[in-house]
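Student: 3D, please:
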Amino acid sequence: MAKHKEEKTNVMRILEQKKVPYTAHTYEETESPLGDREYGLHIARSLGQPVGRVYKTLVAHGAGGQPYVFCIPVAESLDLKKAAKAAGEKSVELLAVKELLPLTGYVRGGCSPIGMKKQYPTVFHSAAADCETVFVSAGKIGAQIELAPQALLELTGAQTADIIV
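Tutor: Predicted coordinates:
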């Protein structure tokens, strides 16, 4: 009988190269189109995890065009004013979906704060630091990684701030 080999993503390879412990998880992809919040809730339910531990990655740009990465719990919404303040910008606005792949190397629904084409300033919602582990995308739809928030913050050079509505 053939042994099933887990498909490693670039995110997983980076974590292994940096010797950062993680656990890979997969979830069943949904057929029906869901909004961002509903999609995030679907992932948390599929993983059997509280929504406060599963984070989505949003990419925005400041007034001068500088990209920023914001990671918030899947059930929450990004507060653009708080996000701008955390980034030291006058304002930020979310990237258009068509800009995501060329800028980050990731598609919508599979965007991870780890392994983007460039390392952009990153901010996690402050609640992440209170979790034993958090979940973020493994860099492709249907895959998540679970790791200690401190390791994730160090790897991405992220700061934490209250950035949700």
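Student: beyond the helix or strand hosting residue 155, next helix or strand please.
Tutor: Assigned by DSSP states H and E, residue 155 belongs to helix 149-156. Proceeding N to C from helix 149-156, the next assigned helix or strand is strand 159-161, under DSSP H and E.
Student: would you map the helices across the protein?
Tutor: 10-17, 36-47, 80-87, 97-104, 149-156 (DSSP state H).
Student: closest to residue 126 out of those helices?
Tutor: In terms of C-beta to C-beta, the element of the helices of the chain nearest to residue 126 is helix 80-87, at 9.6 Å. Backbone N, C-alpha and C define where each C-beta goes, glycine included.
Student: now for that closest one, which elements pack on it?
Tutor: In terms of contacts (3 or more C-beta pairs under 8 Å, 6 or more residues apart in numbering; DSSP states H and E), helix 80-87 is packed against strand 55-62, strand 67-73, strand 92-94, strand 122-125, strand 159-161.
Student: tabulate those strands (CSV), appending mean neighbour count, mean pLDDT and distance to residue 80.
Tutor: As requested, these are exported to CSV (neighbours: other C-beta atoms under 10 Å; pLDDT from 0 to 100; distance: least, C-beta to C-beta, whole Å):
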stretch, mean neighbour count, mean pLDDT, distance to residue 80
strand 55-62, 22, 97, 8
strand 67-73, 23, 98, 9
strand 92-94, 18, 97, 6
strand 122-125, 24, 98, 12
strand 159-161, 16, 98, 13
